[in-house]
Every structure is written in C-alpha cells, then in structure tokens.
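1. below is the sequence, then the predicted model.
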Amino acid sequence: MSAGETIRLTSGADGFEFEAYRVRPTDARRGGLVLIQEIFGVTDHIRELADGFAEDGYEVIAPSFYDRQQPGFQASYEPADMQAAVALSQAAPWDLVASDAQAGIDALEGPVFVAGYCWGGAAAWLVACRCEGVAAASCFYGRRISELMDETPRCPTILHFGKTDASIPMERVEEIRERHPDLPIYLYDAGHGFFSDRRKDYQPDAARLARLRTLQVFARNGGGRGEGA
Amino acid sequence: MGDTITLTSGHDGFSLSAYHEAPFTPRKGGVIVLQEIFGIDKYVRADVERWAKAGYEAIAPAMFDRRERGFSVAHDQDGIAAGIAHARATPLEQAMADIAAARDFLAPRGKVCVVGYCYGGSLAWLAASKVEGIAAASSYYGSMVQANAHIPQHCPTIVHLGHTDPGIPADEVEKAVKAHHPETPVYIYEGAGHGFNNESPERYHEEAADLARARTRELFESA
C-alpha cells in the first residue's frame, strides 16, 4: 500500500523521460526530498521510506534511475537479482544520474533535500556536489563515494556508515574523512544496509538515530517549522 | 508495539487510559513516563518503548483524558496553546492521584520509578514529594520546579535542565533547588534547550539526551 503516485520526469541531459514515485506530505510541509534508491531499484521498501518522510512533512520524489536500461526494474535481495542490480547500477553514468536527480529537484518546491542509500548514498553525494538547488544531503553507506571523493558537496552534507560493513572497509571511510575533515561522518554499530528492514543487517536503533540526524540536518537548513516553546 | 490499558484514579474514580509496553529483557522494574503538554504523542510512545527496551515495564498515563480523550497535538502554536490550556485546567492533586493509580498498576511487580518531561517534568518533581511508593524520580525541564523547590522529596530525585531553555532559567532553578535540597543533583546541559529529549528535529539535542538518559537509567537501576 503506497500513499503516492507515479509521475514522469524529463532528464535535462538527453531529454529522456523516466518514472518517479512521488508522495505528498501528510504533515505540514517542510520541503522537498529527492530520495535515491539502493541498487535494487524503486522497490516497495523505497516507496515505504518515501511515505515515511512524507509523514514528517516532506514532498518526496524517488526517481527510477535505471529506466534507460530497464524501465521499472525492481530486484529482490536474492543473489541472481543482486547481480542484475549491480550491473545496472554500474551501467548508469554519473553524469546522467546527476541530470536525472536534477529533474527531480526541479519538480519540487524548495527547500529541496536529498537522501540516498547504498548506491543512492554515493548518488546523493554526487547530487550534493553537482546539482543546483540542494539545501542539505544525507548519504547512507555509499561505497562509491570513494570514487567521487575529489568532488566537494556544495551544501551541508552528512554521511552514515556501519562500522562492520564488509563492503566498505573503515580505511575507505577514513580517506573520506581526511579529504573532507569538516563533514560530519557518523559511524554506527551496524553492517551495510542497516537502515532497511528488508535486509538482514537491519539495525533499528542505528536506523532511528540516523533518520533523526537526517531530519535534523534538513530542519536546520531550511526545513524547520519554527517549532519550539 | 505497546498497548493501551485503563487506570482508575483515586481522585474521582475516573478511568483514564495509559500507553503501556512490557519489558523487552528481564524485568528491572516499572517506569511511569509523564507526558509533555502535547499529550500521548509519538514521542511519548517512543520514550515508553525506550524504557521497555531498557528492561522496564513502562506506562504513560494520559493526563488530559478527562478534558479530551486521545489528546495528541502538533508542536506548533495551536498545539502549544491547547496543551497549556489542558495543563492549567488539570488540578495538581488530581494529577498526583492519576500517577498513584499508575504506581498501583506497576507496584505489585517491583519498584516503580517516575520520569517526566516538560509538564511531566514538573509532575515528576511533585510526585517525588506527594506520591508514596516511588523509588526514584527524574525530572526534565519542568516549569513548576522552581516554585516548588522547597517541598520535601521522599525519594532520590534528579533534575535536568537545558541551559538555553527560554522559559526556564536553569541557573535560578538550580539555586532554588540547591537551597532546599543540597543533595539533589541538578544537571544543566550546555547548548541544549527546552525539550532536548524529545526526538523531533527542532528539539532533540543528541549529546544532552544521551547523557540525561544514562543518568536516569543509572538512578533507576540503583533505586
């Protein structure tokens, strides 16, 4: 059961039209959010995350980043699907990813934020570095941030990693920290994918804290409602 | 996921509801969670769950049930106004009797501690004096603590205040409490404001919340 709908966006880079899941805020509006998928596509899980942010006051757009290669792709967490998903993510050039994300940003009223998980964690980093009109970014366990490390986010950006993530050794995280000493990097007693209740590495306490930190960096950069007594 | 139970107040025989959650781990005791002015909202329920995860059977009585059942409002100007109106219209002796009903529910299974936030922080301070059979109390940023600093405390009590709380002058409250209860710890959190334990993006202050929770857990465990 999803609260949102499917919309179509047009990439500025090549005019390609692709789908996105959009859900409107169910609480007083704080801003827009481009939510970037894991390697698995815009799955039920991603739509659920989007619905969750809508409950916190965000209008959320989750673009379907593999539409050029395989429209509507959604993988399970099974090994065969996983291979296909990895292949699709590797075949998506960063330039087009940034342009597709920009289409999502432009479809939202500001302030617009970005959050991404797994492959989307690196894509969210890319968006923070290259896209226009992003107020803050939250990047969850993006292994491929390492290959984009020479770029610098143009908005307040926070990073989350699991300390026992087998796919992202702590040395890689330390390299990012050395290259970008001012960025908050939060480490959790968790493995890869700790935010997703579909994964065996799901760690609810880490997820709750990371989500709260994400809402705070958004609230402090234009997504506040002036609450307080 | 918790459930809702019913308590009967000794004040007037009124049946009020309370959000309840059983301990996740071997039971250490009971905790009464006293709400902010906003009612039993998702933040109060999250706090009940946090205590349940820490090994306590936790309940949050709905203090405004006589005026409005199921009251839960946003933290905006309208919500604040509605919450303050309910709090002002709730006699303190009635609130104490409702807390005693929560104590009666938990007491057969072990010690009962009280933690309260904002409006509930004031009630926790008062309950440590006026409700018998409380093992320990942890009072967060209650605006009524200063005026009631002199009342005797019948159980170990700690007080948490945010230094930048615009409505509660932390240093003055500390002075007032210390004048009557030099042994009562008053913790002032630098950089933290009102509601710093509340996990809303505007209010939550992670370092202060973690430290105050650790202090409260330590108090309850040793009580």
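-> Nice, I can see it. Worth saying up front: this structure is predicted, and the values here are computed from it rather than measured.
2. check which helices and strands whichever strand or helix holds A:Val34 sits against.
-> Assessed by DSSP states H and E, A:Val34 sits inside strand A:31-36. Helices and strands touching strand A:31-36, by 3 or more CB pairs under 8 Å, 6 or more residues apart in numbering or on different chains; DSSP states H and E, are helix A:44-55, strand A:58-63, helix A:94-106, strand A:112-117, helix A:119-130. Every residue, glycine included, has its C-beta placed from N, CA and C.
3. ranking these by burial, who's on top?
-> Comparing these by mean neighbour count (mean count of other CB atoms under 10 Å in any protein chain shown), strand A:112-117 ranks first with a mean of 30.
4. residue contacts, the residue lying closest to B:His86 once chain neighbours are set aside?
-> Counting by CB to CB, 6 or more residues apart in numbering or on different chains, the nearest residue to B:His86 once its immediate chain neighbours are dropped is B:Phe64, at 4.2 Å. By CB atoms under 8 Å, 6 or more residues apart in numbering or on different chains, the contact list for B:Phe64 reads B:Gly39, B:Phe71, B:His86, B:Ala87, B:Thr90.
5. for B:Tyr19, same thing?
-> Counted by CB under 8 Å, 6+ apart, B:Tyr19 has contacts B:Gly2, B:Asp3, B:Thr4, B:Ile40, B:Val44, B:Arg45, B:Val48, B:Ile59, B:Ala60, B:Ala62.
6. how about these, which pair is most distant?
-> Farthest pair in the contacts of B:Tyr19 (CB to CB) is B:Asp3 and B:Val44. Separation: 14.5 Å.
7. give me the more crowded residue out of those two.
-> B:Val44 (22 against 9; other CB atoms under 10 Å in any protein chain shown).
8. so that one sits against B:Arg50, correct?
-> No: B:Val44 lies out of contact with B:Arg50 (CB atoms under 8 Å); the separation is 10.5 Å.
9. and chain B, which of its residues are near chain A?
-> B:37, B:74-76, B:80, B:167, B:193-195, B:199-204, B:206 (CB under 8 Å from any CB of the partner chain).
10. okay, now whatever residue of chain A ends up closest to chain B: neighbour count?
-> Residue nearest to chain B within chain A: A:Ala219 (3.6 Å; CB to the nearest CB). If you count neighbours by other CB under 10 Å, A:Ala219 ends up with 23.
11. list the contacts for the spatially closest residue to it that is not a sequence neighbour?
-> Nearest residue to A:Ala219 in three dimensions, chain neighbours excluded: B:Pro201, at 3.6 Å (CB to CB, 6+ apart). By CB under 8 Å, 6+ apart, the contact set of B:Pro201 is A:Asp56, A:Leu212, A:Leu215, A:Gln216, A:Phe218, A:Ala219, A:Arg220, A:Gly223, A:Gly224.
12. can I get the buried part of those residues as one PyMOL selection?
-> Buried residues within these, by 16 or more other CB atoms under 10 Å in any protein chain shown, are selected in PyMOL with:
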select buried, chain A and resi 56+212+215+216+218+219+223+224
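13. mind telling me what element A:Ala85 is part of?
-> With DSSP H and E as criterion, A:Ala85 is part of helix A:79-90.
14. list the buried residues in that helix.
-> Quick answer for helix A:79-90 (16+ other CB under 10 Å): A:Asp81, A:Ala84, A:Ala85, A:Leu88, A:Ser89.
15. B:Gln35 contacts B:Gly120, correct?
-> Yes: the pair B:Gln35 / B:Gly120 is scored as a contact, 5.0 Å apart, by CB under 8 Å.
16. more crowded one of these two?
-> Taking other CB under 10 Å, B:Gln35 and B:Gly120 do not tie; B:Gly120 has more neighbours (30 against 27).
17. now do the SS call for the more buried one.
-> Classification of B:Gly120 using DSSP: H, G, I helix; E, B strand; the rest coil returns helix.
18. excluding covalently adjacent residues, which one is nearest to it?
-> B:Gly120's closest residue in space is B:Leu34 (CB to CB, 6+ apart), at 2.9 Å.
19. same thing with B:Phe220?
-> Closest to B:Phe220 by CB to CB, 6+ apart is B:Cys113, at 4.4 Å.
20. pretty sure the one you found is in a helix, no?
-> No: in this structure, B:Cys113 is strand, not part of a helix, as judged by three-state DSSP.
21. I'd assumed B:Ala135 was in contact with it.
-> Yes: counting by CB under 8 Å, B:Cys113 does reach B:Ala135; the two are 5.3 Å apart.
22. pLDDT value on A:Gly228, please?
-> A:Gly228 is assigned a predicted lDDT (pLDDT) of 41.
23. correction: B:His75
-> Looking at B:His75, its pLDDT is 84.
24. where does the residue nearest to A:Ala219 sit: helix, strand or coil?
-> Under three-state DSSP, B:Pro201 comes out as coil.
25. could you check how far it is from A:Ile158?
-> 13 Å (CB to CB, to the nearest Å).
26. check B:Gly70 too.
-> 36 Å.
27. which one's more surrounded, those two?
-> Set B:Gly70 next to A:Ile158 and count neighbours by other CB under 10 Å: A:Ile158 wins out with 22 against 11.
28. tell me which element the more buried one is part of?
-> Per DSSP H and E, A:Ile158 falls inside strand A:157-162.
29. hang on, the earlier thing: now the helices and strands packed on strand A:31-36 in JSON lines, with distance to B:Lys175 and mean pLDDT?
-> Converted to JSON lines, the helices and strands packed on strand A:31-36 look like this (distance: least, CB to CB, whole Å; pLDDT from 0 to 100):
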{"stretch": "helix A:44-55", "distance to B:Lys175": "42", "mean pLDDT": "96"}
{"stretch": "strand A:58-63", "distance to B:Lys175": "43", "mean pLDDT": "98"}
{"stretch": "helix A:94-106", "distance to B:Lys175": "52", "mean pLDDT": "97"}
{"stretch": "strand A:112-117", "distance to B:Lys175": "43", "mean pLDDT": "98"}
{"stretch": "helix A:119-130", "distance to B:Lys175": "47", "mean pLDDT": "98"}
